[in-house]
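Visitor: Coordinates for the following, if possible.
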Amino acid sequence: MKRRIFCATATLVASIGFSGTAAAQTKWDFATAYAAHNFHSKNNEQFIKDVDAATQGKLKITPHFGASLFKMPEIKRAVQTGNAQMGEFFLVSFQNESQIFGADGLPFLASNYDEAFKLYQAQKPLLQKLLDKQGQVLLYSIAWPPQGIYTKKPISSAADLKGMKWRVYSPTTARIGELVGAQPVTIQEAELSQALATGVVEGLITSSATGADNKLFENLKYYYNVQAWIPKNAVVVSKKAFNALGKPEQDAVLKAAHAAEERGWKESREVDARSIATLKAGGVSVEEPSAQLKADLAKVGDIVIKEWLEKAGPDGKTIVDTFKASK
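Guide: Numbers count the residues shown, from 1 in each chain. Have a look, this model is predicted:
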């Protein structure tokens with residue numbers, strides 16, 4: 001009888017211990033629209049590994065690459081509603097929601113990585129405040145390589161873009177298309193290769209990395225290194241999910257996020273050089289813009305920045321003034 005009672009008690013204790021261990025482990029889903037081989041995705045994977053190691057497995061983060069959990073336009077909302085605990089999204093794509101998201105997509109405001117990071121520091125406090133109101137915590141934000149123009153035919157001025165089927169992914173790229181007389185077509189990155197192959201798109205402005213990742217050299221033959229702007233992705237976590245963590249786990253996430261941001265910006269520079277080499281190897285003619293094209297695009301940039309400042313109001317002025325003061 002005593003033996004049966006002892007066994008039952010031992011089983012109960014083991015059961016309680018097991019369920020306690022299970023309850024101690026927190027699981028997050030991390031939604032992203034980029035392929036696993038993309039440098040942003042590899043950086044995110046390292047972040048996940050760092051968190052796992054620092055929390056000794058108490059926080060398990062599962063990445064969902066290639067828009068397999070949610071499509072790019074849905075990811076930010078999914079984090080806000082708690083359908084995913086973490087997400088990565090392209091900031092400028094949400095400029096219509098708030099002009100703050102579009103600050104790093106202003107043409108020719110920041111034209112190199114050092115300037116882009118200073119612009120990020122000017123934007124960051126307002127970005128954090130905005131995301132906090134939306135129930136999100138900004139963990140880190142990583143730059144894409146500078147944006148260049150891809151076309152099927154050579155161009156020497158903005159007039160050569162007139163009538164071209166122009167892929168857009170943000171209000172700014174759409175506005176640029178309008179100003180040069182192109183035909184704007186909204187295409188997400190996951191659908192880009194097919195759109196080019198079927199003639200839905202004839203030209204676009206995007207990074208060297210996107211061009212290399214999507215093998216744009218299969219359909220487009222010219223890349224003009226205009227370095228129009230250096231946009232960023234943001235990686236966010238649901239504030240509710242973050243606040244539910246214990247202090248040690250929160251600290252581990254923030255420490256890993258800081259490391260991811262430093263690593264990601266460094267990697268972006270290296271990816272730009274590698275991607276341009278990939279484009280050349282694929283048969284793309286990598287060109288510097290002509291003086292006329294640069295002058296035409298500068299005029300377009302002035303218009304876009306002026307319009308943005310009018311819409312963004314005092315917050316936009318704060319960002320631009322702070323950035324210019326830091327240069």
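Visitor: so what's the nearest residue to residue 158 once chain neighbours are set aside scoring on pLDDT?
Guide: For residue 158, the nearest residue in space outside its immediate sequence neighbours is residue 296; the separation is 3.5 Å by CB to CB, 6 or more residues apart in numbering. Every residue, glycine included, has its C-beta placed from N, CA and C. Residue 296 is assigned 95 on the pLDDT scale.
Visitor: before we move on, which element is residue 296 in?
Guide: Secondary-structure element containing residue 296, defined by DSSP states H and E: helix 291-326.
Visitor: re earlier: burial count for the residue nearest to residue 158?
Guide: The number of residues packed around residue 296, counting by other CB atoms under 10 Å, is 21.
Visitor: Report the contact partners of it.
Guide: Contacts for residue 296 (CB atoms under 8 Å, 6 or more residues apart in numbering) come out as 157, 158, 159, 180.
Visitor: Can you flag the buried ones in the residues you listed?
Guide: Among the contacts of residue 296, those that count as buried by neighbour count (16 or more other CB atoms under 10 Å) are 157, 158, 180.
Visitor: how far away is the second one from residue 187?
Guide: In other words, residue 158. Between residue 158 and residue 187 the distance, using CB to CB, to the nearest Å, works out to 21 Å.
Visitor: Now do the strands in the stretch 1-150 of the chain.
Guide: Ranges of strands in the stretch 1-150 of the chain, per DSSP state E, counting those that start in this stretch, are 26-31, 59-64, 86-90, 136-143, 147-151.
Visitor: Kindly compare burial across the ones you listed and name the winner.
Guide: Comparing the strands of the stretch 1-150 of the chain by mean neighbour count (mean count of other CB atoms under 10 Å), strand 86-90 comes out on top with a mean of 26.
Visitor: average model confidence for stretch 254-261?
Guide: For stretch 254-261, mean pLDDT rounds to 98.
Visitor: So for it, what gets flagged as buried?
Guide: Burial within stretch 254-261, assessed by neighbour count using 16+ other CB under 10 Å, is assigned to 256, 257, 260, 261.
Visitor: Residues in contact with that stretch: which ones?
Guide: In this structure, residues lying in contact with stretch 254-261 by CB under 8 Å, 6+ apart are 43, 44, 46, 47, 50, 51, 54, 139, 140, 141, 142, 235.
Visitor: Thanks a lot, see you next time.
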